[in-house]
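Visitor: Give me the fold of what follows.
(chains A and B)
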Amino acid sequence: MGGEITLGHYLVLSGALFLIGLAGVLLRRSLLVVMMSLELLLNAANLALVAVGRFQGIPDPQVAVFFVITVAAAEAALGLAILVAIFRIKKTTAADQMASLRF
Amino acid sequence: MEQIFFWVLAAGLLISAVTVVAVRNPVTNAVCLVSTLVFEAALFITLEATFLAAVQVIVYAGAVMVLFLFVIMLLDVRVELLGKISWPKIVGVGLVFVLALVALPKLFSAFPFAGEALHWGHAKVPGTAQDLGHLLFSAYGPLFLTTGVLLLVATVGVVVLCRRDTEA
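Guide: Next up is the predicted model:
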């Protein structure tokens, strides 16, 4: 592992980060933590994009990351607003308590 | 030098990411997510994407995480209780493990670690604000304007969602 750092290192790191985030989205009950894990997923994608852009010599992935950060900010704001609205009614943020539509 | 920075930052990134997912106190989760985002910004610097690193710290670790912490404090969320083991949960764990066992080795073999090595100062794409600004306001101009509309819609949506019906 003492060798040079290549594109593969960054992509595997990004894949590992994605898996950690995926585990959080699938396993946690608190919707707040699920949203934080979503941010981890987006960041894993960002890391892969920047790494590919750097090693292939193309600037466009960095612009894509810029847009991902913007959309993530909008997503976090809307998601947290929905969470606050739900909390007012249900008094909980646990995902399995929100089963009103379950048949 | 590149190796030392990469391994230290990668270890920090993964450790704080695991803490985000594993710890039960929401405030600890949020603070660990901040450190994850800062480690990622440092990794952006090792890839010579300096403007994105700055944006990452200011927008993500700054603004978005303050939003998270505000909501945690506003809702006064207690430490999460343990849920009961359910089938979807077991399927979820299985899915993650299968992905970890299948996808990561695939990535390892798909990218033989023999390509171009990382050497600072040899980037073909400098990631300064000037370079990104040129792209954003020329080729990606329409997309950039659309982002403005998106943020406006998000702002209006948040206000509508959190409004209490005072007149009803």
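
Visitor: Just the element for residue A:18, please.
Guide: Here residue A:18 sits within helix A:7-27, counting by DSSP states H and E.

Visitor: count of neighbours near residue B:161?
Guide: 16 (other C-beta atoms under 10 Å in any protein chain shown). Where you see a C-beta, it was placed from the backbone N, CA and C, and this is true even at glycine.

Visitor: From chain A, how far off is it?
Guide: Residue B:161 is 4 Å from chain A, where distance means C-beta to the nearest C-beta, to the nearest Å.

Visitor: just how off-centre is the helix holding residue A:18 within its chain?
Guide: 10 Å (C-alpha atoms, centre = their mean, to the nearest Å).

Visitor: swap in stretch B:88-96?
Guide: 23 Å.

Visitor: do the same with stretch B:138-149
Guide: Distance, centroid of stretch B:138-149 to centroid of chain: 22 Å (C-alpha atoms, centre = their mean).

Visitor: My read is that residue B:20 contacts residue B:36, right?
Guide: Yes. Taking C-beta atoms under 8 Å as the definition, residue B:20 is a contact partner of residue B:36 at 6.1 Å.

Visitor: These two - which one has more neighbours?
Guide: Just comparing residue B:20 and residue B:36: by other C-beta under 10 Å the higher neighbour count belongs to residue B:36, 28 against 25.

Visitor: What is the helix ranked longest in chain A packed up against?
Guide: Counting residues, the longest helix found in chain A (DSSP state H) is helix A:60-90. Helix A:60-90 sits against helix A:31-56, helix B:50-55, helix B:65-75, helix B:129-137, helix B:141-162, with contacts defined as 3 or more C-beta pairs under 8 Å, 6 or more residues apart in numbering or on different chains; DSSP states H and E.
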